[in-house]
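Visitor: Quick one, fold the following:
(one chain, ligands or ions: 1)
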Amino acid sequence: MRMLIVTGGTGGHIYPAIALADAAKKRYQNIEILFVGNDDRMEATEIPAHGYAFKGLHASGLTGNVFRKLKALALMANCYRKTFSILKEFQPDIVIGFGGYVSAPVMLAAHAKHIPTMIHEQNSIVGVANKAVADKMDAIVICYEKCFEEFERKKTRLLGNPRATNAVQASFDKEYFCSLGLSLEKPLILVVMGSLGSTSINAIMKDALPSLDESYQILFVTGKNNDKEIKKELRKDNIFVVDYVKQLAIMEHVDLIVCRAGATTAAEITALGTPSILIPSPYVAHNHQFYNANVLVEHKAAFMIEEKDLNADILKQKIDLVMTNAQLREEMKKNALALGKPNASEDILDWCDEMKKVK
Ligand SMILES: CC(=O)N[C@H]1[C@@H](OP(=O)(O)OP(=O)(O)OC[C@H]2O[C@@H](n3ccc(=O)[nH]c3=O)[C@H](O)[C@@H]2O)O[C@H](CO)[C@@H](O)[C@@H]1O
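Guide: All right, here's what the predicted structure looks like:
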């Protein structure tokens, strides 16, 4: 099996792709995997750090003024052309796209070369890149029922996000957990705002977190490079501040997560059944995090506070509601698990096998 995977931009697109690659490596003895992504975003360092071959392309999103859009189109055309030489050299059996604008030209080039193609849509609202190429793709994996409406039914399957599989397979790293200063004896609230962090939420958390009951310990993840100032201001024994956490390594001991509603975090917490308070980012395309969050709220697996309504009082009230009621946490856990797709990776790889046979 020779698998080319294209992904880029944020952890939400990159980590599911790496999770699938990890599962594929376990399943096929002689697999060759090549990743393609942006040469200047986090995948350019994160993917090689996970031990995978990576080829960078220079792309940019179709946003901003006419000049920027024209420049983005020219870059896309260039990525499309460069992909042909990557395909010629690597000769993949299948090309899988995890979204992000860099994926569109790569997926279209693979289609033009008659290589089996699969796209993975993590969100409840379909991303622009996936939408643009969907008609030409052979297989479409979705994570939310709602997305069936957007794609051709017979080539679309609701299989979930490979990070859900990672989440249930991850083992608790006690040494790492304790190295963060955390105690195994105290209830833990994890406050984390996706792979990039959020400066707007950090500002509110600085006021809100010190007012929380001191019987909880709080791990506050600020996002890269934001932790120094906040650490200085949040000097309390029960609050631990880091700029990044190996999230899956500690989830087993998280009683409540306060987080954005990025698709990958949503997939992880539903696979694990972690009770959550979701604060969807309003700064993402088509407000998709609100709709991701809403699915969990409708199934009584989570509470949602919109960023416009977020303040110290509301946060404290919701946190106390969940943390003081074990029965409520149990119900949230059960409802979250009902939404989870822990077999996502295996199910997606089964489909890749089917496609290879057809080819
Ligand atoms: C700001 C933005 O554009 N966010 C988008 C981005 O997700 P974004 O990367 O912001 O967030 P996600 O929740 O989807 O994924 C975050 C991933 O990073 C991991 N993690 C995060 C922080 C940390 O300290 N440690 C850690 O391990 C989480 O466990 C998770 O696996 O892509 C997602 C998938 O398309 C979208 O739903 C999000 O709307």
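
Visitor: longest strand of this protein?
Guide: Longest strand of the chain, by residue count under DSSP state E: strand 32-38.

Visitor: So which bits of this structure are right by the ligand?
Guide: Among all residues of the chain, those adjacent to the ligand (criterion: C-beta under 6 Å from any ligand atom) are 10-13, 15, 99, 122-123, 163, 192, 194-196, 221, 244-248, 262-265, 268, 281, 284, 288-289. Backbone N, C-alpha and C define where each C-beta goes, glycine included.

Visitor: hmm, back to that, pLDDT averaged over the longest strand of the chain, what's the number?
Guide: On average, the pLDDT along strand 32-38 is 97.

Visitor: what about that strand, distance to the chain center?
Guide: 18 Å (C-alpha atoms, centre = their mean, to the nearest Å).

Visitor: List the residues that contact Asp347.
Guide: Arg157, Leu159, Gly160, Lys341 (C-beta atoms under 8 Å, 6 or more residues apart in numbering).

Visitor: Please repeat the previous calculation with a cut-off of 7 Å.
Guide: Taking C-beta atoms under 7 Å, 6 or more residues apart in numbering, we find Asp347 in contact with Leu159.

Visitor: from the chain's centre, how far out does the helix or strand hosting it sit?
Guide: Secondary structure assignment for Asp347, by DSSP states H and E: helix 344-358. The chain centre lies 21 Å from the centre of helix 344-358; the measure is C-alpha atoms, centre = their mean.

Visitor: Kindly report the same for stretch 268-281.
Guide: Per C-alpha atoms, centre = their mean, the centroid offset for stretch 268-281 relative to its chain is 12 Å.

Visitor: So what touches that stretch?
Guide: 163-164, 167-168, 198, 201, 248, 251, 254, 256-261, 289-290, 292-293, 296, 301-307, 310, 318-319, 322, 329, 332-333, 336-337, 339-342.

Visitor: Kindly supply the ChimeraX command isolating those of those that are buried.
Guide: Those of the contacts of stretch 268-281 that count as buried under 16 or more other C-beta atoms under 10 Å are selected in ChimeraX with:
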select :163,164,167,168,198,201,248,251,254,256,257,258,259,260,261,289,290,292,293,296,301,302,303,304,305,307,310,318,319,322,329,332,333,336,337,339,340,341,342
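
Visitor: Can you give me the buried ones in the helix holding Asp347?
Guide: Neighbour count says helix 344-358 has Ala344, Ser345, Asp347, Ile348, Leu349, Trp351, Cys352, Met355 buried, by 16+ other C-beta under 10 Å.

Visitor: Equivalent analysis for stretch 181-193, please.
Guide: Across stretch 181-193, burial judged by 16+ other C-beta under 10 Å covers Leu182, Pro187, Leu188, Ile189, Leu190, Val191, Val192, Met193.

Visitor: now the end-to-end length of it.
Guide: Start-to-end span of stretch 181-193 (C-alpha to C-alpha, to the nearest Å) is 20 Å.

Visitor: pLDDT of that stretch, averaged?
Guide: Here stretch 181-193 scores 96 as its mean pLDDT.

Visitor: cool, stretch 224-243 as well?
Guide: Averaging pLDDT along stretch 224-243 gives 84.

Visitor: Send over that stretch as CSV, restricted to the C-alpha atoms.
Guide: Provided in CSV are the C-alpha atoms of stretch 224-243 (Å, rounded to 0.1, in the frame of the first residue of the first chain):
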residue,chain,number,x,y,z
LYS,A,224,1.8,28.5,22.1
ASN,A,225,3.7,31.5,23.4
ASN,A,226,0.9,32.9,25.5
ASP,A,227,1.8,31.4,28.8
LYS,A,228,4.4,33.7,30.3
GLU,A,229,2.3,36.8,31.1
ILE,A,230,-0.7,34.6,32.2
LYS,A,231,1.5,32.5,34.4
LYS,A,232,2.7,35.6,36.2
GLU,A,233,-0.9,36.8,36.8
LEU,A,234,-2.5,33.5,37.7
ARG,A,235,-0.5,32.6,40.8
LYS,A,236,-2.8,30.2,42.7
ASP,A,237,-1.9,26.8,44.1
ASN,A,238,-4.8,25.1,42.3
ILE,A,239,-4.1,26.6,38.8
PHE,A,240,-1.5,25.2,36.5
VAL,A,241,-0.6,27.1,33.3
VAL,A,242,1.1,25.6,30.2
ASP,A,243,1.2,26.7,26.6
